[in-house]
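Q: give the three-dimensional model of this entry:
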Amino acid sequence: MPRTRALVLLCTLAALALLVFAWALAAGEVQADATSMWQALAGGDAMGAAVVRELRWPRALTAFSCGGLLALAGALMQVLLRNPLADPYVLGVSGGAALAALACLLLGLSAPWPDLAAFGGAFAAMCLVFGLARGAGSWTPTRLLLTGVVVAAGCSAGVSLMLALAPDRALRGMLFWLMGDASGAPRPYLALGVLTLGLLVCLPFARELNLFARGERPAQALGVNTARLRRFIFLLASLLTAVSVSAVGSVGFVGLVVPHLLRLAIGNDQRLLLPAAALAGGVLLLAADTLARTVASPLQLPVGVLTALIGVPLFLWLLGRQAR
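A: Numbers count the residues shown, from 1 in each chain. Below you'll find the model as predicted:
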């Protein structure tokens, strides 16, 4: 893709992100106009400004950051497996993170233990998937994907067992968190910092990722250290997924649909795809979270339900488009 067209695409996604942010800050039972938003940024103490600054801004920033984290992790995993169906949810990484984090919540442990447990669970699930898929020989993308589905099913069974054992007072909160909930937003700037750091770390490897996407042997022939690159993707994708799961719960389809859609639109150049996926994933999850808290107000829907309702028909449309 020409450099000018790539720059136009990134600027368009950034402008769309600003528009969705403005919608997220303005929408709700207490309407906030441009004056309230400006007062919130300036530290005003009016009711509208306080609602924007203390409630909507942290939630919007968390949803945007976690959407970018999931989309970036999905893009990296799809490069690793050379399969558009790979994402943290399908491969069981999200399930491992959710299983470990819910275990901490069930035991009554507070921060930072759920966050640390989410990273450990995500990394353990990924190691388990790749270890089982390799067996005594070398793994293939198809075998790896099938193993991930099985591990995801096992993590789901473990989560169901913990929900069955959980006391009634904690059950609703655990269920709502499990389906996706950005209302808590405990540390919005942590997720944004990890997203920014993840992009800064992986962009220098964009050329190697482009070569790796063509196949492991061609990449090795061109001087890419594929073993090191694979370990790098393992660790980075686990970290991105764990931070997202610990912040908003287990949210599906963002890491699957966003990179795949962008790849069909702009190609497979990771220098453009990775930052575009981070922006588009943030926009998708932020828009879904805003709909989740406004479409049935005063009730709040789990954001994971909205992403599934958006992602399922979109993915089916993508499959139909590929078939044609």
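
Q: grab the CA positions of the helix or strand that contains residue 8 and hand them over as CSV.
A: Secondary structure assignment for residue 8, by DSSP states H and E: helix 3-26. Taking C-alpha atoms only, helix 3-26 is exported to CSV below (Å, rounded to 0.1, in the frame of the first residue of the first chain):
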residue,chain,number,x,y,z
ARG,A,3,2.6,5.5,2.1
THR,A,4,0.1,8.3,1.4
ARG,A,5,-2.9,5.9,1.4
ALA,A,6,-1.6,4.2,4.6
LEU,A,7,-1.3,7.6,6.3
VAL,A,8,-4.8,8.5,5.2
LEU,A,9,-6.2,5.2,6.6
LEU,A,10,-4.5,5.7,10.0
CYS,A,11,-5.7,9.3,10.2
THR,A,12,-9.2,8.1,9.3
LEU,A,13,-9.2,5.5,12.1
ALA,A,14,-7.8,8.1,14.6
ALA,A,15,-10.6,10.6,13.6
LEU,A,16,-13.2,7.8,14.0
ALA,A,17,-11.7,7.0,17.5
LEU,A,18,-12.1,10.7,18.5
LEU,A,19,-15.7,10.7,17.3
VAL,A,20,-16.5,7.5,19.2
PHE,A,21,-14.8,8.9,22.3
ALA,A,22,-17.0,12.0,22.1
TRP,A,23,-20.1,9.8,21.8
ALA,A,24,-19.1,7.7,24.8
LEU,A,25,-18.5,10.8,26.9
ALA,A,26,-21.8,12.5,25.9
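
Q: relative to residue 209, how far out is the residue nearest to the spatial centre of the chain?
A: The residue lying closest to the centre of the chain (C-alpha atoms, centre = their mean) is residue 70, at 1.6 Å. According to C-beta to C-beta, to the nearest Å, residue 70 stands 18 Å off from residue 209. C-beta: built from backbone N, CA, C; applies to glycine.

Q: got it, and residue 261?
A: Counting by C-beta to C-beta, the gap from residue 261 to residue 209 is 19 Å.

Q: the more surrounded of those two?
A: Set residue 261 next to residue 209 and count neighbours by other C-beta atoms under 10 Å: residue 209 wins out with 25 against 19.

Q: and the pLDDT at the more buried one?
A: Per-residue confidence (pLDDT) for residue 209: 89.

Q: and it, what is it in contact with?
A: Shown in contact with residue 209 (C-beta atoms under 8 Å, 6 or more residues apart in numbering): 76, 79, 202, 229, 270.

Q: just to check, the second one is in contact with residue 270?
A: Yes - between residue 79 and residue 270 there is a contact under C-beta atoms under 8 Å: 6.7 Å.

Q: mutual contacts of the two, please.
A: Joint contacts of residue 79 and residue 270 (C-beta under 8 Å, 6+ apart) are 209, 213.

Q: which one of those two has more residues nearby?
A: For residue 79 versus residue 270, neighbours defined as other C-beta under 10 Å are more numerous around residue 79 (26 against 23).

Q: tell me where the model's unsure across this structure.
A: 1-3, 29-50, 135-139, 184-186, 318-319, 321-324 (pLDDT under 70).

Q: do that again at 90, thanks
A: For the chain, applying pLDDT under 90 flags the ranges 1-11, 22-60, 77-153, 155-156, 159-191, 205-272, 289, 291-324.

Q: quick one, helices of the stretch 201-324 of the chain?
A: For the stretch 201-324 of the chain, the helices defined by DSSP state H, counting those that start in this stretch occupy 206-213, 216-221, 226-248, 254-266, 270-294, 303-323.

Q: and the contacts of residue 209 as a markdown table, adding distance to residue 9?
A: Below are those laid out as a markdown table (distance: C-beta to C-beta, whole Å):
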| residue | distance to residue 9 |
| --- | --- |
| 76 | 20 |
| 79 | 19 |
| 202 | 19 |
| 229 | 26 |
| 270 | 14 |
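
Q: and the residues you listed, which two are the farthest apart?
A: Spanning the widest gap among the contacts of residue 209 are 229 and 270, at 11.7 Å by C-beta to C-beta.

Q: just the buried positions in stretch 80-100, please.
A: Across stretch 80-100, burial judged by 16 or more other C-beta atoms under 10 Å covers 80-81, 83-100.

Q: then stretch 168-181?
A: 174, 176, 177, 178, 179, 180, 181.

Q: name the residues that touch that stretch?
A: 98, 102, 105-106, 159, 162-163, 166, 248-251, 302-305, 307.

Q: not counting sequence-adjacent ones, nearest residue to residue 281?
A: Nearest residue to residue 281, sequence neighbours excluded (C-beta to C-beta, 6 or more residues apart in numbering): residue 71, at 2.5 Å.
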